[in-house]
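Asker: Structure for this input, please:
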Amino acid sequence: MIAIMGAGAFGTALALTLGREGEVTLWARDADHVTEMARTRENARRLPGAAFPYGVRVSEHVEALRLAQTVLLAVPMQRLRAVLEEHAGTLAGKTLVACCKGVELDTQQGPVQIIAETVPDATPAIVTGPGFANDIARGLPTAMTLACADALIGAALQDALSTGNLRLYRTTDTIGAELGGALKNVMAIACGATIGAGFGESARAALMTRGYAEMQRMAQALGARPETLSGLSGFGDLILTCTSEQSRNMRFGLSIGRGEGFDPNITVEGAATARAAALRARALQVEMPITEIVALLVAGELRVDAALDRLLSRPLKEE
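Answerer: Model (predicted):
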């Protein structure tokens, strides 16, 4: 049996696509929210208009997690550790699949590392790549990456989690998959700020390209495989997130570029990830100027026009 921890938009979308072909439990800690979803057969708070198929069951009881062998962790990146520590006993020995993207601010660790540290006898994996919740929920064709260091378990997960509209490609490179999913959010904030400030499409293309080079440098320093970043979890996700306003990180960047406020209740994983990645880059002595500037932008320590001047004044170099 499969359970999903977290009834946000993405967790709900996964429940919808899996529930069309089998049985899945969508778990949330808020009993009122669970009662509402059970009554209306949709998640009106996070993904309105998407009716639950027959195979979706909702629950606030920990027993629902205990009965599942595979648990998808669709919780915000910066809350992942606390959730796992709270439920470590229940989740022990299971296959835990992170469905969040980012780098933990306090430790600069990715979700697979956090799973391994907090629930050491679990098998960690991650699903990441270019997939918006609305597209998956509507049954639109989507391809993403499933990364698991254990190749046999990864193959079994690929079969269990792929559906008629969600196609998963498998890799054992969890480091590369983590980094691609995390760092593309940072670049999306940069691209959003660029468009919001009116700097134009050419500037966005330059940021995406040079940002991708930063992603590759960090990946190489941490031992990831370059081809992983060239795939769905890196290049593919970068394209989607930097070019669509469905991306919360892109919209957040737009608000920075326009000098507007942004709803603090909306999770923007790239904001904390930019700060964490900048710290990690300095420790590794990896050059990541765009990441450094985004970290300053989200902290309110740099204006967008000054950020552009700083990038354009960098020494000329070979590509």
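Asker: tell me which element Leu72 is part of?
Answerer: strand 70-73 (DSSP states H and E).
Asker: can you check Met250 too?
Answerer: helix 248-258.
Asker: tell me which strands and helices that helix is in contact with?
Answerer: Here helix 248-258 touches helix 174-196, helix 237-243, helix 269-284, going by 3 or more C-beta pairs under 8 Å, 6 or more residues apart in numbering; DSSP states H and E. In short, each C-beta sits where N, CA and C put it, glycine included.
Asker: Can I get the longest one in PDB, CA atoms only?
Answerer: Extracted C-alpha coordinates of helix 174-196, given in PDB (Å, rounded to 0.1, in the frame of the first residue of the first chain):
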ATOM      1  CA  THR A 174      20.300  10.800  -5.700                       C
ATOM      2  CA  ILE A 175      22.700  13.700  -5.200                       C
ATOM      3  CA  GLY A 176      22.300  14.900  -8.800                       C
ATOM      4  CA  ALA A 177      18.500  14.600  -8.600                       C
ATOM      5  CA  GLU A 178      18.400  16.500  -5.300                       C
ATOM      6  CA  LEU A 179      20.600  19.300  -6.600                       C
ATOM      7  CA  GLY A 180      18.700  19.800  -9.900                       C
ATOM      8  CA  GLY A 181      15.400  20.000  -8.100                       C
ATOM      9  CA  ALA A 182      16.700  22.400  -5.500                       C
ATOM     10  CA  LEU A 183      18.900  24.800  -7.500                       C
ATOM     11  CA  LYS A 184      16.500  25.300 -10.400                       C
ATOM     12  CA  ASN A 185      14.200  27.100  -7.900                       C
ATOM     13  CA  VAL A 186      16.900  29.600  -7.100                       C
ATOM     14  CA  MET A 187      17.300  30.300 -10.800                       C
ATOM     15  CA  ALA A 188      13.600  30.700 -11.200                       C
ATOM     16  CA  ILE A 189      13.600  33.500  -8.600                       C
ATOM     17  CA  ALA A 190      16.400  35.200 -10.500                       C
ATOM     18  CA  CYS A 191      14.500  34.800 -13.800                       C
ATOM     19  CA  GLY A 192      11.300  36.100 -12.300                       C
ATOM     20  CA  ALA A 193      13.100  39.200 -10.800                       C
ATOM     21  CA  THR A 194      14.600  39.800 -14.300                       C
ATOM     22  CA  ILE A 195      11.200  39.700 -16.100                       C
ATOM     23  CA  GLY A 196       9.500  41.600 -13.300                       C
END
